[in-house]
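1. Turn this into a structure:
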Amino acid sequence: MRLYVPATVADLDAISVTARAGWWDVPPRGAHAVTGALVSALPDEDDEAREYAAFLAAADASLMLVAGSSDAVPLRVVVTVEVPEHAVTDAAGDVPPSGVDVGAVPGTQVEAVHVDEPEAAADVRAVLDAIDAGDDEALAAATEQVDQRDLLWYHPTEAHQVPRP
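-> Numbers count the residues shown, from 1 in each chain. Sure, this is the predicted structure:
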């Protein structure tokens with residue numbers, strides 16, 4: 001099952017890189033995938049659009065991981081992996097329709113890494129500042145600005161070479 005795992009830049013350091021591949025011990029956490037609930041929510045979309053929706057939900061979740069860590073690099077990160085379906089369960093609680101929970105899956109081959117460009121750090125910081133200030137209007141504006149940015153694609157072997165602000 002293809003998962004879009006929200007992560008932080010620090011998580012990239014845990015990817016073992018060889019000349020041709022990257023391997024990651026996927027930690028237990030929430031992730032995103034094309035689920036039955038997502039298919040039901042987007043009935044007129046094709047698989048590619050649903051995958052993109054799951055990917056974007058993971059990017060949003062990455063932002064929350066960054067917000068939850070005082071020393072995190074202010075960039076969104078999504079790590080794409082394939083895991084056995086038995087490692088994935090439906091997520092509980094108030095989550096997007098793509099939300100799933102994944103247990104620890106050691107030695108998982110990384111399919112791709114997506115990270116904000118370093119220039120996005122100011123926009124991510126604006127989101128974090130708005131969260132800290134409890135300013136809903138500023139949060140909406142800052143989130144819209146971050147959402148306008150595309151995450152850059154990196155081959156798994158480049159995980160340790162991602163530019164940082």
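2. ok, T8 - contacts?
-> S62, L65, V66, S69, A72, V73, V77 (C-beta atoms under 8 Å, 6 or more residues apart in numbering). C-beta coordinates here come from the backbone N, C-alpha and C atoms, glycine included.
3. whoops, I mixed them up, D25
-> Neighbouring residues of D25 by C-beta under 8 Å, 6+ apart: A14, A104, V105, P106, G107, T108.
4. in a helix, that's where the first one is, yeah?
-> Translated: A14. No: looking at A14 with DSSP: H, G, I helix; E, B strand; the rest coil, it is coil, so not inside a helix.
5. Next one, pLDDT for it please.
-> Looking at A14, its pLDDT is 97.
6. hang on, the earlier thing: of the contacts of T8, which one scores lowest on pLDDT?
-> Within the contacts of T8, pLDDT is lowest for S69, at 90.
7. any idea which element that one lies in?
-> Assigned by DSSP states H and E, S69 falls within no helix or strand.
8. mind checking how far it is from V9?
-> Distance from S69 to V9, counting by C-beta to C-beta, to the nearest Å: 10 Å.
9. Comparing these two, which residue is more hemmed in?
-> Remark: of S69 and V9, V9 carries more neighbours, 21 against 10, as counted by other C-beta atoms under 10 Å.
10. Contact partners for the residue lying closest to that one once chain neighbours are set aside?
-> Excluding the flanking residues, the one nearest V9 by C-beta to C-beta, 6 or more residues apart in numbering is V73, at 3.9 Å. Taking C-beta under 8 Å, 6+ apart, we find V73 in contact with T8, V9, A10, V66, A121, R164, P165.
11. Now the residues you listed in CSV, please, with extra columns for secondary structure and distance to M1.
-> As requested, the contacts of V73 are exported to CSV (DSSP: H, G, I helix; E, B strand; the rest coil; distance: C-beta to C-beta, whole Å):
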residue, secondary structure, distance to M1
T8, coil, 23
V9, helix, 25
A10, helix, 25
V66, helix, 25
A121, helix, 32
R164, coil, 30
P165, coil, 33
